[in-house]
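>>> A predicted structure for the sequence below; I have some questions about it.
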Amino acid sequence: MRIMLVTDQYPPMVGGVPTVTRGLAVDFAKRGHQVWVVAPSYGARDVRRLEHDVRVYRFSSFEWPTYEGLRIPFLPFMPIRNLIKRSDPDIIHIHSPVVLGNVAQILAGGLRKPVIATNHYLPINMSRSLSSDPVFGKPFSSVTYSYLVNFCNRCEYVTAPTQTALNLLYEHGLRAPARAISNGIDISKYTPGEPDPEVLRRFGLPEDRPLIIHVNRLSEEKRIDVLIRALKYMRQPAHVALVGSGPMESELRALTASLQLEDRVSFLGYVRDADLLALRRTSTLFAIPSEADLQSLATMEAMACGLPVLAANSYALPELVHHGENGFLFQPGNSEEAAGYLDTMIENDELRARMRQGSLDIIAKHDRLAILDEWEDLYRRLSIEFKEDKERKQHMRTMRKYGGRIPHERKGSRSRLRRSGSTGDLSFDWPAIDGTSDTQI
């Protein structure tokens, strides 16, 4: 198949959406599909790159002033239109309902291409301060969902990574055909393993106390302050390792210092995958106090490594963390309750062992291979149905034009109906190298 993915968030940006979109692109290419990615560039010029057999087109952009790392593209209508016409995708899959997603959706209608939209966003992701404001919070949420749902209702199909995320769209007026499809996890990569004391020494982490690991962007809506404060209420001398960076790092460091917890909290910043896997396997449990996750890849990866999980009882996290089965859920923002559950898991080896197995059992249904099969089946079905519907409409227009009968073709000509359903192949002049190339479009 010919697949086009459109996203405003793509590596080198770090986060859930960049990880998901790049993973889909590379995995589809490995399965023999032709894949194009439309994403922002990190400069003033348009760039195309061949990355792991994926044709990545990046369009000039500027940095979003209130969200570190997020790029806002200019409006490249003509370049994207030309790209869609040249690549002739069977399906266009939009992962960002903002700039590039809007451009692609508008153009897809005129070029008669089927569009799937996946929603990864909550209003709180855009602004926690506005979402939680007692005066502006409700109007801000209403306006945001009105925009999201209006965008989704103009697509042929809509997905969300969890049923919770999908229900939020239904509650705000979603009418398009839809279903939940997990982001998936590579359970052959993320597996339980033996603890590695060397990785603790490498990152300056203590070897003589329980380790609580947290992996996430250090931003306000992730509520990492709740986890730090929980240490003050704990009986156990546990140590927290924070993996990631973000705009709240300086405030979180200041909070740690004010609570005199510098010897119990480590800010590790970016950690490469191999070390992060070893850290998970060496940790006692995983904690996520976030109030803004429609599905947490970091939690899924921790579960696949066999870790029990403490999570805030917020949005879609209860779909992964089943209270008492593979971890505990606490009231969002309640550090004292979180501390009690952390102590319970750390103190009870038998409970922790049972919860480790619970995490493995729950995460099994999110196997990446099964998720890719599901996407392929959906893409094929929608592509076929869209082409058949296009042919039916063309047929009806022809029938109306000629009073209920279709004229005979002259020899050597092709009917409009057959032309409308044709899909030609296209050759690309990509650099003949392995790995990654970089040229100006």
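Okay, I see it.

>>> element containing the nearest residue to P89 once chain neighbours are set aside?
Nearest residue to P89 in three dimensions, chain neighbours excluded: M4, at 4.0 Å (CB to CB, 6 or more residues apart in numbering). Quick note: C-beta positions are derived from backbone N, CA and C, even for glycine. According to DSSP states H and E, M4 maps onto strand 2-6.

>>> Run through who's touching that strand.
Residues outside strand 2-6 that contact it (CB atoms under 8 Å, 6 or more residues apart in numbering): 21, 24-25, 28, 33-39, 84, 87-96, 100-101, 104, 379.

>>> you'd agree H120 is up against T19?
No - counting by CB atoms under 8 Å, H120 stays clear of T19, with 10.8 Å between them.

>>> So which of the two has more stuff around it?
H120 (22 against 18; other CB atoms under 10 Å).

>>> Number of residues surrounding the spatially closest residue to that one that is not a sequence neighbour?
Nearest residue to H120 in three dimensions, chain neighbours excluded: V17, at 5.0 Å (CB to CB, 6+ apart). Using other CB under 10 Å, V17 is surrounded by 21 other residues.

>>> What about the spatially closest residue to Q163 that is not a sequence neighbour, how many residues nearby?
Once flanking residues are discounted, Q163 sits nearest to A180: 4.7 Å by CB to CB, 6+ apart. Around A180 there are 16 other residues, counting by other CB under 10 Å.

>>> what's near enough to touch A180?
159-163, 165-166.

>>> Could you report the neighbour count for the residue lying closest to Y157 once chain neighbours are set aside?
Once flanking residues are discounted, Y157 sits nearest to I116: 4.8 Å by CB to CB, 6+ apart. Using other CB under 10 Å, I116 has 23 other residues around it.

>>> still on that earlier bit, isn't the residue nearest to H120 up against L24?
No - contact between V17 and L24 fails when scored by CB under 8 Å: they sit 10.9 Å apart.

>>> The residue nearest to Q163 and T164, how far apart?
Distance, A180 to T164, using CB to CB, to the nearest Å: 8 Å.

>>> Point me to the helix or strand that includes the residue nearest to H120.
Counting by DSSP H and E, V17 is found in helix 16-30.

>>> cool, L310 as well?
L310 belongs to strand 309-312, assigned by DSSP H and E.

>>> what's next to that strand, contact-wise?
Under CB under 8 Å, 6+ apart, the answer for strand 309-312 is 212, 223, 226, 285-291, 299, 302-303, 317-318, 320-321, 326-333, 338, 341-342, 345, 355, 359.

>>> can you list the weak-confidence ranges in the stretch 251-400 of the chain?
Counting by pLDDT under 70, the ranges of the stretch 251-400 of the chain that qualify are 395, 397.

>>> which residue ranges form the helices in it?
273-282, 297-304, 317-320, 335-347, 349-363, 368-401 (DSSP state H, counting those that start in this stretch).

>>> Ok, which of these comes nearest S250?
Closest approach to S250 among the helices of the stretch 251-400 of the chain is made by helix 335-347 (20.3 Å; CB to CB).

>>> what is the orientation angle of that closest one with helix 349-363?
Using axes from the mean of the first three to the mean of the last three CA atoms, to 10 degrees, the inter-axis angle of helix 335-347 relative to helix 349-363 is 100 degrees.

>>> Show me what helix 335-347 is packed against.
On a contact count with 3 or more CB pairs under 8 Å, 6 or more residues apart in numbering; DSSP states H and E, helix 335-347 meets helix 224-230, strand 285-288, strand 309-312, strand 327-330, helix 349-363.

>>> cutoff 7 Å now
helix 224-230, strand 309-312, strand 327-330, helix 349-363 (3 or more CB pairs under 7 Å, 6 or more residues apart in numbering; DSSP states H and E).

>>> Can I get it in CSV? Just the C-alpha atoms.
C-alpha atoms of helix 335-347 as CSV (Å, rounded to 0.1, in the frame of the first residue of the first chain):
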residue,chain,number,x,y,z
SER,A,335,0.7,12.8,47.5
GLU,A,336,-0.1,11.2,50.9
GLU,A,337,-2.3,8.5,49.4
ALA,A,338,0.3,7.9,46.7
ALA,A,339,3.0,7.4,49.5
GLY,A,340,0.8,4.8,51.2
TYR,A,341,0.5,2.7,48.1
LEU,A,342,4.2,3.0,47.4
ASP,A,343,5.1,1.8,50.9
THR,A,344,2.6,-1.1,50.5
MET,A,345,4.1,-2.3,47.3
ILE,A,346,7.7,-1.9,48.5
GLU,A,347,7.1,-3.7,51.8
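
>>> now it, how far from the centre of its chain.
29 Å (CA atoms, centre = their mean, to the nearest Å).

>>> what comes into contact with it?
Here helix 335-347 makes contact (CB atoms under 7 Å, 6 or more residues apart in numbering) with 210, 212, 226-227, 229-230, 233-236, 238, 284-285, 289, 308, 310, 328, 330-331, 351-352, 355.

>>> buried set for it?
335, 337-343, 345-346 (16 or more other CB atoms under 10 Å).

>>> can you list those residues in TSV and add distance to Y147?
What follows is these, written out as TSV (distance: CB to CB, whole Å):
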residue	distance to Y147
S335	34
E337	35
A338	34
A339	39
G340	40
Y341	37
L342	39
D343	43
M345	41
I346	44
